[in-house]
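Engineer: Quick check, what structure comes out for this input:
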Amino acid sequence: MVRRYEYQPESVAEALSTILVDDLRIMLKRLQRLLKNAPVSLQGKHPEPVSYRKGDVIDWLQSVITDPDSARFVYAKMNSLEQSALGEAVHDPGGALNPTQIAAKYGSFPIMDGSGRGSPGTTSTKGKVVCPLLGIVLARHCFVAKDVQRAYQGFVPKPSSPDLEQASSLPDRIRMPSGESTRDYEVHYTEQSALLDVQTMLNLVAQGKVGVGAKTGRVSKAGARVIREALSQGDFYGQDEEAPHQYDVQMGAAGIRPFAWPLLLQAGRMAQIEGSKLALTKSGQAALKKKPQELLKMLWERWLKTTILHEMNRVEVIKGQKSKKRPLYAARTGRENLKEALVDLQTEHWILLKDFFKHLFARGDALDIVRNDWALYIMDPVYGSFGYSHTDWDMLTGRFIRVFLLEYAATLGIIDVALVPPWDAVSDHRTLWGGDDLSCLSRYDGLLALRLTRLGAWILGQTSKYVPARPAGFLEVSPELEIRVREPRKNPQVKTLLERFSLQAEDGLFRLDAGRALQAVEQGMAPAEMLNFLQDNSDQDLPGQVTAFFDQIKQRASLFRISGQATLVECSDPNVLQSVLEDPEMRKLCLPAGKSCLVVRKADEEAFRSSLHRLGYALPLG
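Structural biologist: Numbering: from 1, shown residues only. Take a look at the predicted model:
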């Protein structure tokens, strides 16, 4: 990575002054040998330096490097990789040369230092030291000096746009970051599930079923369990998938999708904390009547700007994130860069995560979420610090990207994803002190590939109108309320959804069930959602018996509703109980419940106590 303390020098002489004089003399001899074969117009233009003292050598090098004619000649003698790298730096507004970006775009980074004596990057031919021309022009810095930038901008071509390595389908085997290849990956198609889940989540919040921390707003264990059961395809990983031992990276009770949804609704200002539950805001109540794709777009745009959570906080094994040294940059800039990179993707074409990382650098995004890597560590703040040179960009910013893509972009239906379990999917962490005790760095390390959905293309502004893909009808719905799935092995996600409102009779065959459907309504899935799912995935109109079934479910589900909370009050004296029920004021505040109890609405509890005091009685707490 480009070191943050480096800057663009005003002149190449300023940059050269940081190099030892012996190395400067090697640079001088390299250029002198080169100029012997220069065109006639350059012969004698750059005579010997006044002396071989450091100042005179620097003056001579500056004159050759910045002279327009000799600059063209030197550039022509560079190899293609050097020319490409110089083009990136010369046409960068700040003159920066990003080694990771160059390596990602062109396959490798050119040697910059060939001064000899075992210095990094030294090359030799038959015992002769070779001094790379790019290292001379840049004075071994990762910034091109301003006078050099001006001299070269006129003739050095602008860099070409990076090519995207995308494919319409995934390969049979995918190479994991750990180095092993696997065919046991699972593809999650998120568009349809997100369209269903956003309405389901709003209904769950409206019913007061989403428990969260009173201060953090993060989902509780009970709330996560309710959400997991209500989501159309559950979570990305099964509830029983967990780390091999308790000291390893844990998936946790909240998982990924169940953790994300409550925060997305809060960031989108559709839900707010009330006690230990989420409740709908006015915007959330209005959202119940909006189209799901509009809600997802709103949630995405507001998540990009939110400060409710920094994605790096989800990588719990990395400590020191909240130290006074402020080791992390704000997440907002990183999210915006990732959004722009997603915009470049071709709809419904897969890209491997490693190629997406290359694309990020090749397009010039300076995506680095870490301000002070020395403050971050695993296991031990000294020995386990990420500030040591053997750590790299993927260990920190790469994890931020994985969280953003899987937990938020995929949850909102922006991208489809291909996953393996995170444990042992990566190996880069094993170079860290204490890393041998872990099988991965985060629960998101199993992300292997992603694909921009049609919904994602519309949300990101690639298309002006959302046109959902019309699925090939893979459901056959009969008047007997039976649903047959064509090629069930090719549509595994359908089983999870159908089981919410129907019973499985055999492989690929389901039957609508009133009990299951009513239970799904209680979990936040509206009867219209069930009906629309069947209609959208069937190539024929639904039989009237099926429509009547869901009309009946809708009618039955609307007869009862939770209108509020109440307190059950017991009275041991029947005469006093009767006097309370006959009191003109108190009978408005309570209702009889059996022979010895009264029911008092929570909202009327204080008034009920006051009326009891008036009659000469009390209602002790508990």
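Engineer: Quick check: the gap between the nearest residue to residue 304 once chain neighbours are set aside and residue 75.
Structural biologist: Distance criterion C-beta to C-beta, 6 or more residues apart in numbering; nearest residue to residue 304, sequence neighbours excluded, is residue 335 at 4.8 Å. All C-beta spots, glycine's among them, are computed from the backbone N, C-alpha and C. Noted for residue 335: a distance of 38 Å to residue 75, by C-beta to C-beta, to the nearest Å.
Engineer: what's residue 418 in contact with, if anything?
Structural biologist: Shown in contact with residue 418 (C-beta atoms under 8 Å, 6 or more residues apart in numbering): 170, 174, 185, 186, 187, 188, 350, 447, 448, 449, 450.
Engineer: for the stretch 1-150 of the chain, what spans make up the strands?
Structural biologist: Secondary structure of the stretch 1-150 of the chain, counting by DSSP state E, counting those that start in this stretch: strands at 123-125, 128-130.
Engineer: quick one on the thing from earlier: helices or strands next to the helix or strand hosting the residue nearest to residue 304 in the packing?
Structural biologist: Taking DSSP states H and E as the definition, residue 335 sits inside helix 331-343. When contacts are defined as 3 or more C-beta pairs under 8 Å, 6 or more residues apart in numbering; DSSP states H and E, helix 331-343 packs onto helix 353-362, helix 393-403.
Engineer: Contact partners for residue 11?
Structural biologist: 62, 145, 146, 147.
Engineer: Roughly how far does the last one sit from residue 9?
Structural biologist: According to C-beta to C-beta, residue 147 and residue 9 sit 9 Å apart.
Engineer: Between the two, tell me which one has more neighbours.
Structural biologist: More crowded of residue 147 and residue 9, by other C-beta atoms under 10 Å: residue 9, with 22 against 17.
Engineer: Check whether that one really touches residue 15, as I assumed.
Structural biologist: Yes - with contact defined as C-beta atoms under 8 Å, residue 9 reaches residue 15; the gap is 4.4 Å.
Engineer: overlap in contacts of these two?
Structural biologist: Listed as contacting both residue 9 and residue 15 by C-beta under 8 Å, 6+ apart are 139, 141, 143, 145.
Engineer: Tell me the one among the residues you listed nearest to residue 595.
Structural biologist: Using C-beta to C-beta, residue 143 comes nearest to residue 595 of the shared contacts of residue 9 and residue 15, at 87.3 Å.
Engineer: Run a quick neighbour tally on the closest one.
Structural biologist: Close neighbours of residue 143, defined as other C-beta under 10 Å, add up to 21.
Engineer: so where is the stretch 451-600 of the chain shaky, pLDDT-wise?
Structural biologist: Low-confidence regions of the stretch 451-600 of the chain, defined here as pLDDT under 70, cover residues 469-473, 489-493.
Engineer: what ranges do the strands span in it?
Structural biologist: Using DSSP E, counting those that start in this stretch, strands in the stretch 451-600 of the chain cover 475-477, 482-485, 502-506, 509-512, 566-570, 591-593, 597-601.
Engineer: can you list the ones you listed in TSV and add distance to residue 432 and mean neighbour count?
Structural biologist: Shown next, in TSV, are these (distance: least, C-beta to C-beta, whole Å; neighbours: other C-beta atoms under 10 Å):
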stretch	distance to residue 432	mean neighbour count
strand 475-477	49	20
strand 482-485	46	18
strand 502-506	46	14
strand 509-512	49	19
strand 566-570	55	14
strand 591-593	62	14
strand 597-601	58	17
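Engineer: follow-up on the earlier one: could you tell me the least trusted of the strands of the stretch 1-150 of the chain?
Structural biologist: Per-segment mean pLDDT for those reaches its minimum on strand 123-125, at a mean of 42.
Engineer: and the helix or strand where residue 614 lies, what's its mean pLDDT?
Structural biologist: Using DSSP H and E, residue 614 sits within helix 605-615. Averaging pLDDT along helix 605-615 gives 93.
Engineer: how about that helix: buried residues?
Structural biologist: For helix 605-615, burial by neighbour count (16 or more other C-beta atoms under 10 Å) applies to 605, 608, 611, 612.
Engineer: what does stretch 246-254 give?
Structural biologist: Judged by neighbour count (16+ other C-beta under 10 Å), stretch 246-254 contains these buried residues: 249, 251, 252, 253, 254.
Engineer: do stretch 28-48 as well
Structural biologist: Buried, per 16+ other C-beta under 10 Å, within stretch 28-48: 28, 30, 31, 34, 35, 38, 42, 46.
Engineer: Tell me the one among the residues you listed nearest to residue 327.
Structural biologist: Set against residue 327, the nearest of the buried residues of stretch 28-48 by C-beta to C-beta is residue 30 (41.7 Å).
Engineer: if you skip the residues just before and after it, what's nearest to the closest one?
Structural biologist: Residue 30 sits nearest to residue 131 (C-beta to C-beta, 6+ apart), 4.1 Å away.
Engineer: thinking that neighbour is in contact with residue 24, fair?
Structural biologist: No - checked against C-beta under 8 Å, the pair residue 131 and residue 24 is beyond contact range at 10.4 Å.
Engineer: before we move on, back to that, separation between the residue nearest to residue 30 and residue 255?
Structural biologist: From residue 131 over to residue 255 (counting by C-beta to C-beta), the distance is 56 Å.
Engineer: Surely residue 546 is in contact with residue 476?
Structural biologist: No - judged on C-beta under 8 Å, residue 546 makes no contact with residue 476 at a distance of 11.6 Å.
Engineer: gap between residue 113 and residue 23?
Structural biologist: 9 Å.
Engineer: In terms of neighbours, single out the busier of those two.
Structural biologist: residue 23 (19 against 16).
Engineer: Compute the distance between the more buried one and residue 143, please.
Structural biologist: Distance, residue 23 to residue 143, by C-beta to C-beta: 18 Å.
Engineer: before we move on, what about residue 522?
Structural biologist: 62 Å.
Engineer: try residue 568
Structural biologist: Relative to residue 143, residue 568 is positioned 74 Å away (C-beta to C-beta).
Engineer: now residue 61
Structural biologist: Noted for residue 61: a distance of 17 Å to residue 143, by C-beta to C-beta.
Engineer: quick one on the thing from earlier: narrow the contacts of residue 418 to those that are buried.
Structural biologist: For the contacts of residue 418, buried by 16+ other C-beta under 10 Å: 170, 174, 185, 188, 350, 447, 448, 449, 450.
Engineer: what number of residues lie near residue 282?
Structural biologist: Neighbours around residue 282, by other C-beta under 10 Å: 9.
Engineer: And for residue 177?
Structural biologist: Other residues near residue 177 come to 18 when the count uses other C-beta under 10 Å.
Engineer: Check the one 3 residues further on too.
Structural biologist: Using other C-beta under 10 Å, residue 180 is surrounded by 13 other residues.
Engineer: just to revisit the earlier point, which residues touch the helix holding residue 614?
Structural biologist: Contacts for helix 605-615 (C-beta under 8 Å, 6+ apart): 567, 569, 579, 580, 583, 585, 586, 589, 590, 600, 618, 619.
Engineer: and the third one, what is it in contact with?
Structural biologist: This means residue 579. Contacts for residue 579 (C-beta under 8 Å, 6+ apart) come out as residue 615.
Engineer: what's the spacing between it and residue 619?
Structural biologist: Using C-beta to C-beta, residue 579 is found at 15 Å from residue 619.
Engineer: avg pLDDT for stretch 186-202?
Structural biologist: Throughout stretch 186-202, pLDDT has a mean value of 91.
Engineer: Kindly report the domain assignment for the chain.
Structural biologist: 12-153, 174-459, 475-557, 566-615 (automatic domain parsing).
Engineer: Can you point out the buried residues in stretch 352-372?
Structural biologist: Residues of stretch 352-372 classed as buried: 352-365, 367-370, 372 (neighbour count, 16+ other C-beta under 10 Å).
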